[in-house]
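Engineer: sequence-free structure coming up:
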């Protein structure tokens, strides 16, 4: 099935774009390997640096974050809760229009300018909004929403530089490893800036202002690196813009499998968002302390990062697109069952809080790292479809943020957690445990459905 024919302009551009050298001797192979790592490191670091103007707002002093901003449905919302909702709502709202934009001829013709504009604008809006509206928290919340809306497009757009290559999984392994730790690194940078005496309202702008120029320079490196070679196109299909008709035909052709995995991805995204945005409370409760020690934030996701990278590197050794897809589904099922099993042991008191958090991090991130971009990239290749997997990334992300928004609304407007003295955030922990059983069990069922579907539908050659 061939879809998404490119325009004459795109064909002309592709003829003049640099290609990865053909691996006909040791020198050309070395150049190809070097290009792979340059693209992987520059694109991954460029995107990871965008975390440095997203997450510092959650490191503002507690007296600021605990200020009441609004009252909805009889529930007072403090600045932390409003920032969390604005963050998730902004990211979620952008996914629907991003599906069309990322696959458009306009974007593929102006890719560098579009991504640079998003990097700079999202940083200035968030950092500048926190400073300008220091005395007006509702306007700070609006700034966070607008910045998050723009930031939401970055990952799917940057991935268009990585997709459709024989080394795509290796590149995504680098990105996965960086992104798992980018959030904690950005929080560490924010804390360091505050300790240096910078005014809290200026801190997000200082951190973001330092990271943004570096992100833009790294993106320039990515953009000027070689495009997919002829061998890449033969193995993974040509990547280009797709019309709305081509996107709809692809989705209709693989509806059941994509639908099952998209729902599983949505549940996992929601679970990850709750754990990420309320990590202080969940970590403290799992350790039975009032405040989680700093070291837990550094090690909690280390096994997840290592295993995610290893999983993607292994997938890159599989040349058969069909076998790679089925292997990914097996990895998703195994890692989710690991999380459910470790949770059961934790609740029975057999597994300690630290070990449980390490297992949960590994379960979530391994499943998450192979369920999205790597799977969609291989699916286009296995189905012999020309186009881009970016619209599938935004589709799954849209569903993911719908789940995240629903869970956060339940957290903010549902039954209040038990935060009485001595409870050590027991209510937060109970909520997370309940969510993990519901979401994890559903993911297992959905992955089994998807595995059965794709094993029957994918061509064997």
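Structural biologist: Right, received. Where do you want to start? Given the structure is predicted, the values throughout are model-derived calculations rather than measurements.

Engineer: Show me what the strand or helix carrying residue 29 is packed up against.
Structural biologist: Assigned by DSSP states H and E, residue 29 belongs to helix 26-49. Here helix 26-49 touches helix 154-158, helix 168-195, helix 203-223, going by 3 or more CB pairs under 8 Å, 6 or more residues apart in numbering; DSSP states H and E. Yep, even glycine has a C-beta here, placed from its N, CA and C like the rest.

Engineer: looking at those, which is closest to residue 95?
Structural biologist: Ranking those by proximity to residue 95 (CB to CB) places helix 154-158 first, at 8.6 Å.

Engineer: one step back: residues in contact with the helix holding residue 29: which ones?
Structural biologist: Residues from elsewhere that reach helix 26-49, judged by CB atoms under 8 Å, 6 or more residues apart in numbering: 20-23, 119, 154-155, 158, 161-162, 165, 167, 170-171, 173-175, 177-179, 182, 185, 211-212, 214-216, 218-219, 221-222, 225-226, 229.

Engineer: picking up where we left off before, now the weakest link among the helices and strands packed on helix 26-49, please, by mean pLDDT.
Structural biologist: Mean pLDDT is lowest for helix 168-195 out of the helices and strands packed on helix 26-49, coming in at a mean of 88.

Engineer: Report the angle between that helix and helix 203-223.
Structural biologist: 160 degrees (axes from the mean of the first three to the mean of the last three CA atoms, to 10 degrees).

Engineer: ok, the closest residue in space to residue 450 that isn't next to it in sequence to residue 234 distance?
Structural biologist: Counting by CB to CB, 6 or more residues apart in numbering, residue 450 lies nearest to residue 260, which is 4.2 Å off, once chain neighbours are set aside. Separation of residue 260 from residue 234 (CB to CB, to the nearest Å): 30 Å.

Engineer: which one of those two has more residues nearby?
Structural biologist: With neighbours defined as other CB atoms under 10 Å, residue 260 and residue 234 compare such that residue 260 has more, 21 against 11.

Engineer: Wasn't the more buried one part of a helix?
Structural biologist: Yes. According to DSSP: H, G, I helix; E, B strand; the rest coil, residue 260 belongs to a helix.

Engineer: what separates it from residue 119, distance-wise?
Structural biologist: From residue 260 over to residue 119 (counting by CB to CB), the distance is 34 Å.

Engineer: cool, residue 110 as well?
Structural biologist: 14 Å.

Engineer: When the two are compared, which one has more neighbours?
Structural biologist: With neighbours defined as other CB under 10 Å, residue 110 and residue 119 compare such that residue 119 has more, 26 against 12.

Engineer: Quick one: list the elements packing against the helix or strand the more buried one falls within.
Structural biologist: Residue 119 belongs to helix 111-132 when elements are defined using DSSP H and E. Under the contact criterion of 3+ CB pairs under 8 Å, 6+ apart, helix 111-132 touches helix 137-151, helix 154-158, helix 203-223.

Engineer: Counting neighbours, which bits of stretch 176-195 end up buried?
Structural biologist: Counting neighbours by 16 or more other CB atoms under 10 Å, one finds that the buried residues in stretch 176-195 are 176-187, 189-190, 193-194.

Engineer: same deal with stretch 37-57?
Structural biologist: 39-57.

Engineer: Kindly provide the whole-number mean pLDDT of it.
Structural biologist: 95.

Engineer: State whether residue 71 is indeed within a strand.
Structural biologist: Yes. Membership of residue 71 in a strand is supported by three-state DSSP.

Engineer: Which residues does the closest residue to it other than its chain neighbours form beta bridges with?
Structural biologist: Leaving aside its chain neighbours, residue 71 sits nearest to residue 77 (7.0 Å; criterion: CB to CB, 6+ apart). Note on residue 77: beta-bridge partners by DSSP bridges are residue 70.

Engineer: Low-confidence ranges, the chain, go.
Structural biologist: 1-25, 412, 414-425, 461 (pLDDT under 70).

Engineer: So which of the helices and strands packed on helix 26-49 is nearest residue 316?
Structural biologist: Nearest of the helices and strands packed on helix 26-49 (CB to CB): helix 168-195, 3.7 Å.
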